[in-house]
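> Okay, here's the prediction I keep looking at, along with the sequence it came from:
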Amino acid sequence: MREMIGWRMRAGETSTQWDSGAADDSASVTFDDDVAVDPAVARSLHVVVVGAGAFGGWTALHLLRAGARVTLLDSWGPGNGRSSSGGETRAIRGVYGGDHAYVAWTAKSLGMWRDFEADSGETFFRRAGVLWMVGGDERYVRASLTHLSACGLSFEELSATEAAARFPQINFDGVEWALLEHDAGFLYAGHACRVLRDRFVAEGGNYRQHDVRVGAWTGGALSHLTLSDGTTLSADQFVFACGPWLGGMFPDVIGDLIVPTRQEVYYMGTPAGDSRFNEGNIPVWIDFGETIYYGFPATSTRGFKIADDTRGPPLDPTNADRLPSAEAVRRAQRHLEYRFPALAGAPLIEARVCQYANTPDGHFIVDRHPSADNVWLVGGGSGHGFKLGPALGDFVARRVLTGRDTHPLLSLQRFERS
Ligand SMILES: Cc1cc2nc3c(=O)[nH]c(=O)nc-3n(C[C@H](O)[C@H](O)[C@H](O)COP(=O)(O)OP(=O)(O)OC[C@H]3O[C@@H](n4cnc5c(N)ncnc54)[C@H](O)[C@@H]3O)c2cc1C
């Protein structure tokens, strides 16, 4: 187990998810998510899923497709403006340091996103590629290479000179080498959540927009929820996939194991008629230096996206104002000018303030409530969960329908001090 367990994410730090370059005991782990579900058992169960973000939406669809009767609830709707799954785009990349389990889940999720595109006739995934610009500590990226190959994800190593020839619109000063992930790219986030809900309903699921409160506990189980219209809802199993709200909903069990932090995202205007920063001409990029900036090509609906991965201050996901801060915008513009010189002076044309739902070690939480066998707690996306919604939802659905325990890396027990 990692030494950082018990540590709490603080504002101003980059994610511990980037720390996993060094070999540790997660290097050869997979999440072992192919446990078989008995369809007769699935058909006998009513499962309620609270939260229609990437985690809850995919969990609900997998439960339904396995045969369960499923009700999905959300306070404001799938991919809403406050949720961590809202907004325009999220990166899907296979580089995950030495964490084989996440690389395998990325490869699996990629296939599931594509199947879902075929099912729904909608586009979620853009195979734009992801370019890692590595300066300084290369361990996180380097440690991924064997895992990418093992999972069948295609990539190419580029020297700084080769990268500069390939992408002349980028200044590679300070970059020692680059990795281009070919099979990676970005996903349309809020749109995908809404289509997930629509598919779920079209395939027989019940979706309702309600704020939910935990109801009564009887004999080691949760018996019902209370909904915002005053009614109650009973079920056999409950999954709470409430993103940054999960700690507030279960203060004793989750509490500050999930810390929502304020993250600002900017869309910058590219020069008129200049297509060098558009999708097709530049990949998703991750400037993997001391401060990690990342961004996305301009699309037909948005400008050139840039964000700082450093954790911002804690944020109340319900009541926080979502105005970007002038100083952080200026910092991003300075970085843009340095790394993409032709974008010097590019205006901010749109911005979004979202939140990461950080766990102490950057791994997700998927576990039973310690006092209720029929309650599963699912969250802690920690700034990297969206892409993995399909594989994670499948993993959760199989646990709920088989009663099998979670994986130690995702358990609540990992936070207990010895
Ligand atoms: C700026 C930013 C950039 C990111 N970049 C990436 C990226 O590039 N790649 C990637 O893979 N991931 C990325 N992530 C992380 C990813 O977006 C999240 O991990 C993922 O979306 C989390 O989904 P979720 O379902 O856990 O939470 P959410 O999307 O927040 O969903 C929780 C839902 O629960 C509902 N809810 C809460 N309380 C209640 C209640 N009491 N009753 C009913 N409903 C309730 C909410 O309305 C919400 O819809 C990023 C996140 C942010 C903020």
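All right, it came through fine.

> which residues does residue 131 bridge with?
Beta-bridge pairing for residue 131 (DSSP bridges): residue 180, residue 285.

> distance of it from residue 60?
34 Å (Cβ to Cβ, to the nearest Å). Using the backbone N, CA and C atoms, a C-beta is placed for each residue, glycine as well.

> between those two, which one's more packed in?
Remark: of residue 131 and residue 60, residue 60 carries more neighbours, 34 against 26, as counted by other Cβ atoms under 10 Å.

> backbone phi and psi for the more buried one, please?
phi -60, psi -40 (degrees, to the nearest 10).

> who's in contact with the closest residue to the ligand within the stretch 101-250 of the chain?
Of all residues in the stretch 101-250 of the chain, residue 243 sits closest to the ligand, at 2.4 Å by Cβ to the nearest ligand atom. Counting by Cβ atoms under 8 Å, 6 or more residues apart in numbering, residue 243 makes contact with 51, 53, 55, 83-85, 317, 357, 379, 381.

> Grab the nearest non-local neighbour of it.
residue 84 (4.7 Å; Cβ to Cβ, 6 or more residues apart in numbering).

> Provide a list of residues in contact with the residue in the stretch 251-400 of the chain that the ligand sits nearest to.
As assessed by Cβ to the nearest ligand atom, the ligand sits closest to residue 381 within the stretch 251-400 of the chain, at 2.0 Å. By Cβ under 8 Å, 6+ apart, the residues touching residue 381 are 54-55, 84, 243, 356-357, 364.

> switch the cut-off to 10 Å
Going by Cβ atoms under 10 Å, 6 or more residues apart in numbering, residue 381 touches 53-55, 84-85, 241, 243-244, 258, 355-359, 362, 364-365, 388-389, 392.

> In strands, which of the residues you listed fall?
355-358, 365 (DSSP state E).

> Pick the one among the residues you listed closest to residue 165.
residue 356 (35.2 Å; Cβ to Cβ).

> so the closest one makes contact with residue 84?
Yes. Taking Cβ atoms under 10 Å as the definition, residue 356 is a contact partner of residue 84 at 7.1 Å.

> near the ligand, which residues of the stretch 251-400 of the chain?
Applying Cβ under 6 Å from any ligand atom, one finds that the stretch 251-400 of the chain approaches the ligand through 263, 265, 307, 354-356, 379, 381, 383-387.

> and if we set it to 8 Å?
263-265, 294, 307, 317, 352, 354-357, 378-389 (Cβ under 8 Å from any ligand atom).

> Residues in contact with both of residue 356 and residue 84, list them for me.
In contact with both residue 356 and residue 84: 243-244, 260, 263, 381-383, 385, using Cβ under 10 Å, 6+ apart.

> okay if I get the residues you listed as TSV plus secondary structure and pLDDT?
TSV is the format used below for the shared contacts of residue 356 and residue 84 (DSSP: H, G, I helix; E, B strand; the rest coil; pLDDT from 0 to 100):
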residue	secondary structure	pLDDT
243	helix	98
244	helix	98
260	strand	98
263	strand	98
381	coil	98
382	coil	97
383	coil	97
385	coil	98
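
> Return the members of the residues you listed classed as buried.
243-244, 260, 263, 381-383, 385 (16 or more other Cβ atoms under 10 Å).

> need the contact list for residue 166.
Counting by Cβ under 10 Å, 6+ apart, residue 166 has contacts 131, 156, 158, 172, 178, 180, 283.

> Buried only: go through these for me.
131, 158, 172, 178, 180, 283.

> Per-residue pLDDT of the residue nearest to residue 235 when sequence neighbours are not counted, please?
Nearest non-adjacent residue to residue 235, counting by Cβ to Cβ, 6+ apart: residue 48, 4.2 Å away. Note on residue 48: pLDDT of 98.

> Could you pull up phi and psi at residue 48?
phi -100, psi 130.

> Next: residue 296.
Torsion angles, degrees, to the nearest 10, at residue 296: phi -130, psi 150.

> what pLDDT does residue 386 get?
At residue 386, pLDDT is 98.

> beta partners of the closest residue to it other than its chain neighbours?
Excluding its sequence neighbours, the residue lying closest to residue 386 (Cβ to Cβ, 6+ apart) is residue 90, at 3.9 Å. Legend: beta-bridge partners of residue 90 under DSSP bridges are residue 187.

> Wait, residue 90 touches residue 356, no?
No. Using Cβ under 10 Å, residue 90 is not in contact with residue 356, being 11.9 Å away.

> Between these two, which contacts overlap?
Listed as contacting both residue 90 and residue 356 by Cβ under 10 Å, 6+ apart are 84, 383-385.

> Farthest pair within the residues you listed?
Among the shared contacts of residue 90 and residue 356, 84 and 384 lie farthest apart (Cβ to Cβ), at 10.8 Å.

> circling back to that earlier point, redo the shared contacts of residue 90 and residue 356 as a markdown table? Include distance to residue 254.
Output for the shared contacts of residue 90 and residue 356, formatted as a markdown table (distance: Cβ to Cβ, whole Å):
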| residue | distance to residue 254 |
| --- | --- |
| 84 | 15 |
| 383 | 17 |
| 384 | 19 |
| 385 | 15 |
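
> Which strand or helix spans residue 61?
helix 54-65 (DSSP states H and E).

> Could you give the average pLDDT over that helix?
98.

> Could I have the CA atoms of it written out in CSV?
What follows is helix 54-65, C-alpha atoms only, in CSV (Å, rounded to 0.1, in the frame of the first residue of the first chain):
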residue,chain,number,x,y,z
ALA,A,54,-20.2,9.6,-15.5
PHE,A,55,-20.0,7.1,-12.6
GLY,A,56,-23.7,6.8,-11.8
GLY,A,57,-24.9,7.0,-15.4
TRP,A,58,-22.7,4.2,-16.6
THR,A,59,-23.4,2.1,-13.4
ALA,A,60,-27.1,2.5,-14.0
LEU,A,61,-26.9,1.4,-17.7
HIS,A,62,-24.8,-1.7,-16.8
LEU,A,63,-27.2,-2.7,-14.0
LEU,A,64,-30.1,-2.3,-16.4
ARG,A,65,-28.4,-4.3,-19.2
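
> Check whether that helix comes near the ligand.
Yes. Helix 54-65 is in contact with the ligand by Cβ under 8 Å from any ligand atom, via 54-57.

> who touches residue 283 in this structure?
Taking Cβ under 10 Å, 6+ apart, one finds 91, 127-132, 166-167, 180-182, 184-186, 295-297 in contact with residue 283.

> Same check on residue 141?
18, 21, 95-97, 132-134, 155, 157, 177-179, 286, 288.

> rerun at 7 Å
Residues in contact with residue 141 (Cβ atoms under 7 Å, 6 or more residues apart in numbering) are 95, 132, 134, 179, 288.
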